[in-house]
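1. Following is a predicted model, sequence given first.
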Amino acid sequence: MNISDVIWNEIVRLRRLFGKDELAYLALTRKVEEPLRDRLAWGIHQKLRGKYFVARDYKHEGHGEEIDIGILKKTPAKPAVSLIQMGACSIITQVGRYPDKLIDDFHIMKNFSNTRPELYFIMIANLPLKSIPRKYDGYIRFSHAAKIRKCFQKYEVPNKMIEVAGGKWEEYLRKFKLQFRRVRIDAGKLYEIPVELVVWMVGPMRQNWKPDDRV
């Protein structure tokens, strides 16, 4: 069983695990990685439960850090076979700021287990398809709304945001020869604002990956 394909397939079908417009609401009212993590873990659990345990906020004795999702063999020692960390940003134009998050999470996962599990990093970026009217400030998280308005003033169209910001992020991933896949997910609408999520799955990452100085 290819665990990488299982994780990716569950990312692609995330929209079907939420109610109509629920993802748009979650994305614009708070950072969305926690509810996405929970549903993603549930989807992976359903696919792998015959052979693996799937743990949320995975932590083992003697280690202070937690991992968003751990996939563990069903043996007494429960060795980890895959570890997943997640990050999210309120607007896609911020995604270029996240190499440090990727690097930090890589080191956390690498040092978490001596069983050399596969390591994955999932990045989620909000992509509203129109700007946020000020009348929704307070209903939509204010910091989200302000950043989104600023981005539309600069880029005007969402596809330009993907081209510029997403391109910078993917350039970084390619520079370090990291495998990745990307998908755009229709999140529905909040009020009259259509929203998409752009999701990258990075990995499996090599245990001996050595990133250069922070960018």
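-> Structure's in. What do you need?

2. next one: the lengthiest helix in the chain to chain centre, how far?
-> Using DSSP state H, we find that the single longest helix of the chain is helix 33-48. Chain-centre distance of helix 33-48: 12 Å, with CA atoms, centre = their mean, to the nearest Å.

3. Which is the succeeding secondary structure element to that helix?
-> strand 52-58 (DSSP states H and E).

4. packing partners for that next one?
-> Taking 3 or more CB pairs under 8 Å, 6 or more residues apart in numbering; DSSP states H and E as contact, the helices and strands that strand 52-58 lies on are helix 33-48, strand 67-73, strand 80-89. C-beta here means a position set from N, CA and C on the backbone, and glycine is covered the same way.

5. Can you tell me which helix or strand of this structure has the lowest average pLDDT?
-> None of the helices or strands of the chain scores lower by mean pLDDT, DSSP states H and E than helix 158-161, at a mean of 74.

6. Strands along the protein, start to end?
-> Using DSSP state E, the strands of the chain run over 52-58, 67-73, 80-89, 118-128, 180-190, 193-205.

7. tally of neighbours for residue 146?
-> With neighbours defined by other CB atoms under 10 Å, the count for residue 146 comes to 16.

8. And residue 128, by the same measure?
-> By the criterion of other CB under 10 Å, residue 128 has 28 neighbours.

9. Can you list the buried residues in stretch 9-16?
-> Across stretch 9-16, burial judged by 16 or more other CB atoms under 10 Å covers 10-11, 14-15.

10. Apologies, that question was intended for stretch 93-112.
-> For stretch 93-112, the buried set under the neighbour-count rule, 16+ other CB under 10 Å, comprises 93-96, 98-99, 101-103, 105-106, 108-110, 112.
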